[in-house]
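1. one predicted model, sequence on top.
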Amino acid sequence: VAVRIGQLDDSSLRARVVGKTRRVVVASPGYLAKHKKPRSPADLGAHALIHFSSLGLAPEWRFQRAGEEQRVAIQPAFVTNSAEVALAHAERGFGLAMALGYQAAEAVRAGRLAVVLAKHEAPALPIQLVYPAARLGSAALRAFVELCASTREWSFVDL
């Protein structure tokens, strides 16, 4: 069994949605006290941006506008391939960072980070368990999937 975040492409695997998570833009209260809080994705150009990416693609952040995906090219001040490093950098007041809700949840709940641009967020991504599509999975596999599906800890929509 593996955990996958996002839509599963056509596959020979079975998928069971067990929760969902948002893509959130966060900043420290200290950063927001010193800089004007962004009201729309268009305001990002006036801010120091911390980009977390494990891909070598041109940096962009995705939002939603009038029900349609909006991609915003960004000029990050800091780039890392570690969500933990990006969020720590944001906590220290160095700019805005985008991360998945589960990655930022603890810092948001503790007040070290605040969510901005929430009304512009793209739809939440599904968190899924994926496993081989055998006709009858083992009893242990079925029990594990059911246990995970019944646990409310998988959703990171209400931060």
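-> Arrived safely, thanks for sending.
2. quick one: Ala107 and Ala86 touch, right?
-> No: using Cβ atoms under 8 Å, Ala107 makes no contact with Ala86, being 11.2 Å away. (C-beta placed from N, C-alpha, C; glycine too.)
3. between these two, who's got more neighbours?
-> Neighbour totals were compared for Ala107 and Ala86, and Ala86 leads with 27 against 19 (other Cβ atoms under 10 Å).
4. now Ala99. Nearest residue, chain neighbours left out?
-> In space, and not counting its chain neighbours, Ala99 is closest to Ala83: 5.3 Å by Cβ to Cβ, 6 or more residues apart in numbering.
5. which residues does that neighbour contact?
-> Contact analysis of Ala83 by Cβ atoms under 8 Å, 6 or more residues apart in numbering lists 52, 99-100, 103.
6. tell me how far it lies from Phe94.
-> Distance, Ala83 to Phe94, using Cβ to Cβ, to the nearest Å: 15 Å.
7. determine the longest helix present in the chain.
-> helix 139-150 (DSSP state H).
8. who's in contact with that helix?
-> Helix 139-150 is contacted by residues 1, 16, 18, 129, 131, 137, 154 when judged by Cβ under 8 Å, 6+ apart.
9. quick one: buried residues of that helix?
-> Neighbour counts over helix 139-150 (16 or more other Cβ atoms under 10 Å) mark 141, 145, 148 as buried.
10. give me the pLDDT for the last one.
-> As predicted, Cys148 sits at a pLDDT of 83.
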